[in-house]
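Visitor: got a structure for you, letters missing:
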């Protein structure tokens, strides 16, 4: 099992450009999450999904959209990137609900100029 | 929403020393988890606690689920250089609500 994988690993964008980050998991997990990590801020939840076709807002959803068309994939979109979105993005998945261990991907480092 | 206060924010210790860090919350959790993040990687689970008062060890790591269910601590004994990283606590409750993460404790070990 590859676990949780993220594509790409690094990306540099110009302000206003759009991009999609892909998260894939091969563990048949129901729940998937997108976090951003900034220095001193810990992990902040952007959006999450409790199953295929569902999404919900987390703590910092503004400027991001997500889709969960297939159970194994969770996409994070930036429609018009801003420098404030420079961060490291982590995807995670868990078999079921809120008490389960989350399994994290390796992260995507995004820089917006 | 729920928040976790994790302390200390950072620590510099000598190799061989013991380390203690903790997490507190104003609300109750049914699960406490401790993760470690190595530089440039995603967090990895160290210890999971599911019962108030539970004390669980994983090698040199020991974690406890507080009796009040509002706190947890992690101890690392005889630290080594590979213990360097960021340690996160997380609290969870059953249902759809995601885990709540602390802001992390950054550990540096001086050889």
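Guide: Received it, and whenever you're ready, just let me know what you need. On a predicted model such as this, the values are computed, not experimentally measured, just so you know. Numbering: from 1, shown residues only, chains lettered A, B, ... in the order given.
Visitor: what's the neighbour count on residue 17?
Guide: I went with chain A, as the question did not name one. 14 (other Cβ atoms under 10 Å in any protein chain shown). Quick note: C-beta positions are derived from backbone N, CA and C, even for glycine.
Visitor: that's the other chain; I wanted chain B
Guide: Using other Cβ under 10 Å, residue B:17 has 13 neighbouring residues.
Visitor: what sits against the residue nearest the centre of chain A?
Guide: Nearest to the mean C-alpha position of chain A, by Cα atoms, centre = their mean, lies residue A:34 at 2.9 Å. Contacts for residue A:34 (Cβ atoms under 8 Å, 6 or more residues apart in numbering or on different chains) come out as A:21, A:23, A:45-48, A:58, A:64, A:66, A:74, A:76, A:89-91.
Visitor: tabulate these in CSV, adding columns for distance to residue B:75 and pLDDT.
Guide: Listed next are the contacts of residue A:34 as CSV, based on distance: Cβ to Cβ, whole Å; pLDDT from 0 to 100:
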residue, distance to residue B:75, pLDDT
A:21, 36, 98
A:23, 33, 98
A:45, 28, 95
A:46, 32, 97
A:47, 35, 97
A:48, 31, 96
A:58, 31, 94
A:64, 37, 98
A:66, 38, 98
A:74, 35, 98
A:76, 36, 98
A:89, 31, 98
A:90, 26, 98
A:91, 30, 98
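Visitor: before we move on, the earlier item: what sits opposite the residue nearest to the centre of chain A in the beta ladder?
Guide: Taking DSSP bridges as the rule, residue A:34 bridges to residue A:47, residue A:91.
Visitor: distance-wise, check it relative to residue A:67.
Guide: Per Cβ to Cβ, to the nearest Å, residue A:34 is found 11 Å from residue A:67.
Visitor: what about the helix or strand of chain B with the lowest mean pLDDT, distance to the chain center?
Guide: Taking mean pLDDT, DSSP states H and E as the measure, chain B has strand B:100-101 as its least confident helix or strand, at a mean of 92. Offset of strand B:100-101 from its chain centre (Cα atoms, centre = their mean, to the nearest Å): 11 Å.
Visitor: just to revisit the earlier point, looking at the contacts of residue A:34, which is nearest residue B:54?
Guide: Of all the contacts of residue A:34, residue B:54 sits closest to residue A:45, with 25.8 Å by Cβ to Cβ.
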